[in-house]
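Novice: pasting the structure only:
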DNA sequence: CGGAAGGTTGAGCCCCATCAATTATTGTGG
DNA sequence: CCACAATAATTGATGGGGCTCAACCTTCCG
C-alpha cells in the first residue's frame, strides 16, 4: 500500500511538482486522493473497451498500456502509462471507454471517485491546472506518436520512443543517469512502434551499432543523452515540462 | 461574418446539441462566443508550433489541419478540423503550442478570449460538459489514427478515414446522403495517411474498383454506408456520439 | 489558349513483413 | 543445482506493400 504520509513518496507529486510549486495544503489535497490503492498482477486488463468508466485512476508503481486491437488480432499500443500517470480522468462524463488498458507489469493503482476529482478542481485550482497540464501532455504525446508512425522510419521511431521513455521516467525519478529498466518484450515494443517483433530486433541492433543506445536484459542505456536530435529528431517541447506561468486556473465543474 | 442571431446556423450548436438538449439560454451562451469572427484565405497558418496560445478558436466554415513537420520536410497531418470544431481550448494553461494549425480552404473562425471560456464553464455546466465531451472525442480520434497508422494497411486506412469524415460531416449537416465534398489534394491525404501521393492515387483506385467509394473532382460518395465494417473495420464508438447521460458537469475553473 | 497544379500510370527498388530455424533467457519442479 | 519446458530474442531467406523516379494526362484558371 502507498504511504500517503510520506511526502514526495508518490510519483504523482513529483510530476505535478514540476508544474507548480505546491503548498503543503495542496500536497495534502493530492495525497488524499491516494488512499484506496489496489495491486494488480501483470497482464491484467484494467479497463476494457466499451466498459463504462466510473472512477479515475492513478498509478504509483508498474507499467500499463492503452491499446486497441483489430478483429484479426493486430494490436496497437497507443501509449505507455508510467508511475505518476493517471487515466480515465474524464470519467466524470460517464462515457464508455473507447480503448482498453492493461497492466504490463504488476501495478499498484489508486482509484478515485469522480466526486473527489471535481472537488479537488474546485477547491485547489492550482492543482487542477497541473492536472490539466498533464492531460495536455498526454494528448501531445499521442500527436507525437502519429508523427512517428506516419513519417519516421523504424529506426527513428524506435530511437525516439526510447528517448521519450527515458525523459518521462526521469520526471518521476525512475532513471539512473542514462539507464532505465524497460519491462517490455520486443513484441510489446513492436505493437507500440507499428512493426513486427523480428524487425524490432534488427532495429535495436542497428541502434546499438550506431552507439545510440545500449540494451540488454530489459535494461536500456541512452548513450548520448545530450544529442536529443539524434534520436529521431526528438524535441522535448511536446512534453510540456515547463512550470505553469500564472495563477489562471483550469476548468473544474460539479453537478 | 456569422449571424449570431440565427439559431442553429452555427455548426457548433449542431454538434453540441447532439450531446445535450440545450435550453434557449444555453444556446444563447454559446452564441455569445461567436461574435468576433475573422476570415482567412486558404493555406494560411493559423497557429505555429512554439507560439504562445492566448485565445481559443471555433471554426464556422472551411477545413483546417493540425500538423507537424520534420526538418527534411516530411509532414504529418494529425487531424482535420471541420466546421463546428474548436482548437486551442486549453489556452487557459498559457502554454506554447506543440504543433501547427493551418487553413486548408478559406476559413471563417471565431476567436474567444480565455476568460469567456472559463466563464462559460462556470455559468453553464451542461454546456461545459458538452465541450469536454467534444474534446474527449478529439483525443479518441487521435488514438484511432494511431491504430490506423500502426496496424491498418493503406487501403484500410484510406477507407477508414473517408468514412470517418463522412460521419463527422454528417454531424454538422455537411453531407448529402452518401456524398460529401473533400477539399483536399491527394498530397494532403497522403500526409494524413502516412503515404506518398502516388500510392494514395493507387489506393483510391482500388477502393473505387471495390465499389466502396466513388470519388472524383474532390467529391466523395460512400457507396455502402450501412457496411461500416468494410471501411477498415470502422466502428463509431470512438466518436462518442451519444448524449451525455447525466447532469454531472465538467471541470472549469477560474483564477 | 497556355501554363501550372494535380492526378494517373509504369518500372524498379527498398524497407519491412513473413516464415522458419536456432539460440538465449526465464521459470519450474525434482 | 540441474533438467526441462516455455518464452523471448536473434538470424537467415524470401516476398510484398509501399516508395521513388519519371513520363504522361487531366483539370483548372487567368
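Specialist: Thanks, I have it. Keep in mind it's a predicted model, so treat the numbers as computed, not measured.

Novice: tell me which parts of the stretch 1-150 of chain A are close to chain B?
Specialist: A:49-50, A:66, A:68, A:70-71, A:74-76, A:78, A:90, A:92-96, A:98-99, A:114, A:117-118, A:121-122, A:125, A:128-129, A:132-133, A:136, A:139-140, A:142-147, A:149-150 (C-beta under 8 Å from any C-beta of the partner chain). Where you see a C-beta, it was placed from the backbone N, CA and C, and this is true even at glycine.

Novice: can you rerun that using 6 Å?
Specialist: Contacts of the stretch 1-150 of chain A with chain B, taken as C-beta under 6 Å from any C-beta of the partner chain, map to A:68, A:70, A:74, A:76, A:78, A:90, A:92-95, A:98-99, A:121, A:125, A:128, A:133, A:136, A:139-140, A:142-143, A:145-147, A:149-150.

Novice: So among those residues, which ones count as buried?
Specialist: Among the residues of the stretch 1-150 of chain A next to chain B, the ones that count as buried by 16 or more other C-beta atoms under 10 Å in any protein chain shown are A:68, A:74, A:76, A:78, A:90, A:92-95, A:98-99, A:121, A:125, A:128, A:133, A:136, A:139-140, A:142-143, A:145-147, A:149-150.

Novice: contacting residues for residue A:171?
Specialist: Neighbour list for residue A:171: residue A:15 [criterion: C-beta atoms under 6 Å, 6 or more residues apart in numbering or on different chains].

Novice: tell me the pLDDT at it?
Specialist: For residue A:171, the model assigns a pLDDT of 96.

Novice: could you show me where the strands are in chain A, in order?
Specialist: Remark: strands assigned in chain A by DSSP state E are A:37-40, A:44-47, A:55-61, A:64-69, A:75-81, A:86-87, A:100-103, A:107-113, A:179-181, A:213-216, A:219-222.

Novice: Just the pLDDT at the closest residue to residue A:34 other than its chain neighbours, thanks.
Specialist: Nearest residue to residue A:34 in three dimensions, chain neighbours excluded: residue A:110, at 4.7 Å (C-beta to C-beta, 6 or more residues apart in numbering or on different chains). With respect to pLDDT, residue A:110 has a value of 97.

Novice: can you check the one 10 residues further on too?
Specialist: The per-residue pLDDT reported for residue A:120 equals 93.

Novice: can you pull the contacts of it?
Specialist: By C-beta under 6 Å, 6+ apart, residue A:120 has no neighbours at all.

Novice: for residue A:236, same thing?
Specialist: With contact set as C-beta under 6 Å, 6+ apart, residue A:236 has no partners.

Novice: Pull the number of nearby residues for the residue in the stretch 101-250 of chain A that DNA strand C sits nearest to.
Specialist: The stretch 101-250 of chain A approaches DNA strand C most closely through residue A:199 (3.0 Å), counting by C-beta to the nearest atom of the strand. Using other C-beta atoms under 10 Å in any protein chain shown, residue A:199 is surrounded by 14 other residues.

Novice: quick one: the residue nearest to it when sequence neighbours are not counted and residue A:177, what's the gap?
Specialist: Ranked by C-beta to C-beta, 6+ apart and with sequence neighbours excluded, the top spatial neighbour of residue A:199 is residue A:154, at 6.2 Å. According to C-beta to C-beta, to the nearest Å, residue A:154 and residue A:177 sit 27 Å apart.

Novice: And the average pLDDT for the longest helix along chain A is what?
Specialist: The longest helix of chain A (DSSP state H) is helix A:125-151. Mean pLDDT, computed over helix A:125-151, is 96.

Novice: Now for the residue of the stretch 1-150 of chain A found nearest chain B: which residues touch it?
Specialist: Closest residue of the stretch 1-150 of chain A to chain B, C-beta to the nearest C-beta: residue A:150 (3.3 Å). Shown in contact with residue A:150 (C-beta under 6 Å, 6+ apart): B:76, B:149, B:194.

Novice: Please work out how many residues are found near the nearest residue to residue A:157 once chain neighbours are set aside.
Specialist: Leaving aside its chain neighbours, residue A:157 sits nearest to residue A:148 (4.6 Å; criterion: C-beta to C-beta, 6+ apart). Neighbours of residue A:148 under the rule other C-beta under 10 Å: 27.

Novice: Quick check: the gap between residue A:148 and DNA strand D.
Specialist: Per C-beta to the nearest atom of the strand, to the nearest Å, residue A:148 is found 14 Å from DNA strand D.

Novice: and if you look at residue A:136?
Specialist: Applying C-beta to the nearest atom of the strand, the value for residue A:136 to DNA strand D is 30 Å.

Novice: Hmm, residue B:91 and that residue touching each other?
Specialist: No - contact criterion C-beta atoms under 6 Å: residue A:136 and residue B:91 do not qualify, at 10.6 Å.

Novice: For the stretch 151-255 of chain A, which segments count as helices?
Specialist: A:154-171, A:186-193, A:197-209 (DSSP state H, counting those that start in this stretch).

Novice: want to throw these into JSON lines with distance to DNA strand D?
Specialist: Output for these, formatted as JSON lines (distance: least, C-beta to the nearest atom of the strand, whole Å):
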{"stretch": "helix A:154-171", "distance to DNA strand D": "11"}
{"stretch": "helix A:186-193", "distance to DNA strand D": "3"}
{"stretch": "helix A:197-209", "distance to DNA strand D": "4"}
